[in-house]
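Asks: let's see this in three dimensions:
(one chain, ligands or ions: 2)
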Amino acid sequence: MIKKDGHTHTEFCPHGSGDDVELMIQKAIQLGFEEYCITEHAPLPPAFEYDYAGEPTGFSEASMAFGDVDDYFAKVALMKQRYGDQIKIKVGFEVDFLPQYVDWTRSFLNQYQDQIDESVLSVHFLPGVAGKYWCVDDTTEDFELGLLESVDEPQALYQRYLEQVKASVQADLGPQTPVRIGHLDLIKKFQDDFNLPNQFDSHNQELIDEILVLIQKQHRQLDFNIAGLYKSGCNEPYLDLATIGKARQLGIPMVYGSDAHSIAEVGRAQHLINYF
Ligand code: ZN
Ligand code: FE
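Replies: Ligands and ions are numbered 1, 2, ... in the order given. Down below sits the predicted model:
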């Protein structure tokens, strides 16, 4: 198996470190990576601002600016030119799944279809309090006030997340539909901050089974995202052991994702690649 990072960010990410992707690539080369997939957060549909509640930066800094998309592709093209003989560089997006904006998202991807190599599809926002969308992985305050408070018990929130992931896998996003499903259980990011269950209950396990069968049938992949391991309230990679076992049984490829937003984060937990 080749040594690949399938989920990384760049200086075009407003909530990142600002570190130059060139230096991140240099570190990946130094660590012996053979493939490096750059997946900056795709711009969100502008109208989503009105569906969203919570910390304003949770929307405004969630994704790359529209005006930066061309510069982003140009920068990666230059990187391919400069480092292509040392590492295979791929470019795409981390695409947000928002059920009410599937058409919008499909046309966005279509617009750049000639330039995209591969992308990741992620759920970062869920409906919660006041019928608004809240960010799953921004602040603990928004998670608590916007999402946890909208359910009677945490498994119901887990269920809402997994149902959204299932819808994302079923969505028709056109020819550039992302091949990889991002951090399937990101909803556990704050599990240790709020003492939430670490395991999914039997109903949610069934939902995961359904999602995995869909992914298998579609010949898609899972993002084995190690960022959760380094979140003080999570302490676990995104893809828990139970899900890894199921995915392995179904023969679903799991691709290591550092989700690096800085040079320091490139290659974190890289030895876990050997488990797949
Ligand atoms: Zn990010
Ligand atoms: Fe993400």
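Asks: got a list of what residue 129 touches?
Replies: Contact analysis of residue 129 by CB atoms under 8 Å, 6 or more residues apart in numbering lists 53, 145-147, 149-150. C-betas here are computed from N, CA, C, even on glycine.
Asks: relative to residue 148, how far out is it?
Replies: For residue 129, the distance to residue 148 equals 9 Å [CB to CB, to the nearest Å].
Asks: the residue positioned nearest the centre of the chain - nearest residue in space that isn't next to it in sequence?
Replies: Among the residues of the chain, the one closest to the centroid is residue 182, at 3.7 Å (CA atoms, centre = their mean). Take residue 182 and drop its neighbours on the chain: the residue closest to it by CB to CB, 6 or more residues apart in numbering is residue 122, 3.4 Å away.
Asks: the one you found: neighbour count?
Replies: Neighbours of residue 122 under the rule other CB atoms under 10 Å: 30.
Asks: so it sits against residue 98, correct?
Replies: No. Applying CB atoms under 8 Å, one finds residue 122 not in contact with residue 98, separated by 10.7 Å.
Asks: name the SS class of the residue sitting furthest away from the middle of the chain, please.
Replies: Here the chain reaches farthest from its C-alpha mean at residue 85, the gap being 27.7 Å by CA atoms, centre = their mean. At residue 85 the chain is in coil, as set by DSSP: H, G, I helix; E, B strand; the rest coil.
Asks: any weak-confidence spans in the chain?
Replies: For the chain, no stretch has pLDDT under 70.
Asks: circling back: what's near enough to touch the residue nearest to residue 182?
Replies: Counting by CB under 8 Å, 6+ apart, residue 122 has contacts 94-97, 168, 181-183, 186, 223.
Asks: which of these sits closest to residue 2?
Replies: Residue 2 lies nearest to residue 223 out of the contacts of residue 122, by CB to CB, at 16.1 Å.
Asks: my guess is the closest one is in a strand, correct?
Replies: Yes. Counting by three-state DSSP, residue 223 is found in a strand.
Asks: give me the three-state assignment for the residue lying closest to residue 18 once chain neighbours are set aside.
Replies: In space, residue 18 comes closest to residue 11 once its chain neighbours are excluded; the distance is 5.4 Å by CB to CB, 6+ apart. Here residue 11 is recorded as coil under three-state DSSP.
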